[in-house]
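K.L.:
here is my input, please return the structure:
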Amino acid sequence: MTKRTQPTDAEMRERALARWEGEGGALAPKAAAGSIDETELRLLARLGAALLDDWASLPPDLQQRVVRRTRSLGTPGDHAHVKETLARFLREHRSEW
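P.N.:
Below you'll find the predicted structure:
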């Protein structure tokens, strides 16, 4: 009888990325090349959380610039998907800020 092992963090991350990309998501070229390490990913997550903490107090023009920039970071084919996903995320989590 073989013992089933738990997938490593890297394997779980790889599977999640594959699912995400299969749903139309894409990483920016730098990230796709594998040059963002775990520490940088955690830093980016913290920066995103900090931005969301103050999202409601940001001027609307700044919010729009951030949304436009977020959409532009992926590949050209996923801009509409990112726009839709980001809009849904912001609507669903609005009460948390």
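
K.L.:
ok, and for stretch 59-74, which residues are buried?
P.N.:
For stretch 59-74, a neighbour-count test (16 or more other Cβ atoms under 10 Å) marks 71, 74 as buried. For glycine as for every other residue, the C-beta is placed from the backbone atoms N, C-alpha and C.

K.L.:
let me see the mean pLDDT of that stretch.
P.N.:
For stretch 59-74, mean pLDDT rounds to 88.

K.L.:
how close does residue 72 get to residue 61?
P.N.:
16 Å (Cβ to Cβ, to the nearest Å).

K.L.:
C-terminal to the lowest-mean-pLDDT helix or strand in the chain, what's the next element?
P.N.:
Least confident helix or strand of the chain, by mean pLDDT, DSSP states H and E, is helix 29-32 with a mean of 50. Next helix or strand after helix 29-32 toward the C-terminus (DSSP states H and E): helix 38-53.

K.L.:
kindly export that following helix (C-alpha atoms) in CSV.
P.N.:
Presented in CSV, the C-alpha positions along helix 38-53 are these (Å, rounded to 0.1, in the frame of the first residue of the first chain):
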residue,chain,number,x,y,z
GLU,A,38,8.1,34.0,-2.8
THR,A,39,9.3,37.1,-0.8
GLU,A,40,8.3,39.4,-3.6
LEU,A,41,4.9,37.7,-3.9
ARG,A,42,4.2,38.3,-0.2
LEU,A,43,5.3,41.9,-0.6
LEU,A,44,3.0,42.4,-3.5
ALA,A,45,0.2,40.9,-1.6
ARG,A,46,0.8,43.3,1.3
LEU,A,47,1.0,46.2,-1.0
GLY,A,48,-2.3,45.2,-2.5
ALA,A,49,-3.9,44.8,1.0
ALA,A,50,-2.6,48.2,2.0
LEU,A,51,-4.1,49.8,-1.1
LEU,A,52,-7.4,48.1,-0.5
ASP,A,53,-7.4,49.3,3.1
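
K.L.:
before I go, just wanted to say thanks for your time.
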